[in-house]
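Enquirer: Need a 3D model of the sequence below.
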Amino acid sequence: MQLGLQLGYWGAAPPSNAPELIAAAEDAGFDAVFTAEAWGSDAFTPLAWWGAATSRVRLGTSVVQLSARTPAACAMHALTLDHLSGGRFMLGLGVSGPQVVEGWYGQPFAKPLARTREYVRIVRDVLAREAPVTNDGPHYPLPYTGPGALGLGKPLRPITHPLRADLPILLGAEGPKNVALTAEIADGWLPIFYSPRLAAVYDEWLAEGFARPGARRKREDFEIVSTCQVIVTEDRRSAIDAQKPTLAHYIGGMGAPGMNFHADLIARAGFEDAVAEITALFQAGKRAEAVAAVPDELVDELSIVGDADHVREGIARREAAGVTMLLVGGRTPAEVRALGALVHSDAGVAG
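Expert: Prediction:
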């Protein structure tokens, strides 16, 4: 099992100890460091700034939002970071949701699968640099000839030669069609919540994508990078309770009523009643009650919280389910080093 450090997106201010956490992760044998974005800090800038102090770990985005940038602009970021890091960059992409896409970026959310397919194809064409990039699709036409166009657009190739045409692209996906598309066109999958009890269902979705004509990967060379809070502690009660506010927020507040992909995924894992209750309480402004309604069983399904033996068992369970990397957080360098030592020790599950 590989480990990735998830730095996430910023809250009201930048995290003060990110450089120390990254240094500890690299020293502790972590395979990668990831950043994210929502509607505040972006994912690329912190990765470039902090990643400059690293020499071994891969650097990834989990995730960059499609509607934040055109495909060509995103490809420019990717090829730039790949050069600066010596070929260590991974591009993680996601469609986000209608509240962010239409409310923050002022873009239409409709047809997310078709947009994703078109977006990834353009990014790959830029990175391949085989010809001037054109696209006749409806979502990202190149050259642009729509309303307001002067008709002077010219197909272009990137001035900078990309370091790798096959730079890895991973997709954040939660529903069956999105996961199948990910298996078809991407190099890896970034599930924000991975339920081991749904492993057989995930396998069916992935298999559909791998079986499509022209699929990019096979299962054996496809990465599954799962966000998973891993906390080694003797105080399970306190640690489980500490996870509940975040879960309540994602279930009740990170999506529009009737269209919350996070809530849908968790409901599929067998928590329909809890999701309905948490959503109703959260939307009624009863945040504390919503947090209290998060079942311990749900925290256990999506996180690994307990003593060292319990953590090893939880990691082994996810490894058996097909996860190749756990994307974990860490509050202190000591926590990061301890987790690295646990996973990579002879007593751990893998090295």
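
Enquirer: Every contact and neighbour count from this point should use C-alpha atoms.
Expert: Noted.

Enquirer: can you pull out the strands in the protein?
Expert: Secondary structure of the chain (DSSP state E): strands located at 2-6, 32-35, 58-61, 64-65, 89-94, 169-171, 188-189, 223-227, 230-232, 304-306, 325-328.

Enquirer: Please tabulate those in JSON lines and include mean pLDDT and distance to Ala239 as additional columns.
Expert: As requested, those are exported to JSON lines (pLDDT from 0 to 100; distance: least, CA to CA, whole Å):
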{"stretch": "strand 2-6", "mean pLDDT": "97", "distance to Ala239": "18"}
{"stretch": "strand 32-35", "mean pLDDT": "98", "distance to Ala239": "23"}
{"stretch": "strand 58-61", "mean pLDDT": "98", "distance to Ala239": "27"}
{"stretch": "strand 64-65", "mean pLDDT": "98", "distance to Ala239": "29"}
{"stretch": "strand 89-94", "mean pLDDT": "98", "distance to Ala239": "29"}
{"stretch": "strand 169-171", "mean pLDDT": "98", "distance to Ala239": "29"}
{"stretch": "strand 188-189", "mean pLDDT": "98", "distance to Ala239": "27"}
{"stretch": "strand 223-227", "mean pLDDT": "97", "distance to Ala239": "17"}
{"stretch": "strand 230-232", "mean pLDDT": "93", "distance to Ala239": "7"}
{"stretch": "strand 304-306", "mean pLDDT": "94", "distance to Ala239": "7"}
{"stretch": "strand 325-328", "mean pLDDT": "97", "distance to Ala239": "15"}
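
Enquirer: how about those strands in CSV, adding distance to Gly253 and mean neighbour count?
Expert: Rendered in CSV, the data for these read as follows (distance: least, CA to CA, whole Å; neighbours: other CA atoms under 10 Å):
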stretch, distance to Gly253, mean neighbour count
strand 2-6, 21, 24
strand 32-35, 21, 26
strand 58-61, 23, 26
strand 64-65, 18, 25
strand 89-94, 18, 25
strand 169-171, 22, 27
strand 188-189, 24, 26
strand 223-227, 19, 23
strand 230-232, 23, 21
strand 304-306, 23, 23
strand 325-328, 22, 24
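
Enquirer: Quick one: closest of the ones you listed to Asp125.
Expert: For Asp125, the closest of the strands of the chain is strand 169-171, at 12.7 Å, according to CA to CA.

Enquirer: Sheet partners, orientation included, of that closest one?
Expert: strand 89-94 (parallel), strand 188-189 (parallel) (DSSP bridges).

Enquirer: Could you say which one of these comes nearest to Glu37?
Expert: For the strands paired with strand 169-171, proximity to Glu37 was assessed by CA to CA; strand 89-94 is nearest, at 10.3 Å.

Enquirer: How far off centre is stretch 1-8?
Expert: With CA atoms, centre = their mean, to the nearest Å as the basis, the distance from the averaged C-alpha position of stretch 1-8 to the chain average is 10 Å.

Enquirer: sorry, back to before: can I get the strands paired with strand 169-171 in JSON lines including distance to Arg217?
Expert: Below are those laid out as JSON lines (distance: least, CA to CA, whole Å):
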{"stretch": "strand 89-94", "distance to Arg217": "16"}
{"stretch": "strand 188-189", "distance to Arg217": "9"}
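
Enquirer: Out of these, flag the one nearest Ala288.
Expert: Within the strands paired with strand 169-171, the stretch nearest Ala288 is strand 89-94; the backing value is 29.8 Å (CA to CA).

Enquirer: so what's Leu93 bridging to?
Expert: Val64, Leu171.

Enquirer: so how far is Phe193 from it?
Expert: Computed with CA to CA, to the nearest Å, the distance linking Leu93 and Phe193 is 16 Å.

Enquirer: How about Val305?
Expert: Applying CA to CA to Val305 and Phe193 gives a distance of 15 Å.

Enquirer: do the same with Arg216
Expert: Counting by CA to CA - Arg216 and Phe193 are separated by 24 Å.

Enquirer: cool, Gly8 as well?
Expert: Gly8 is 14 Å from Phe193, by CA to CA.

Enquirer: which residues of the stretch 201-350 of the chain fall in helices?
Expert: Counting by DSSP state H, counting those that start in this stretch, the stretch 201-350 of the chain has helices at residues 236-252, 261-266, 272-283, 287-292, 296-302, 308-320, 333-344.
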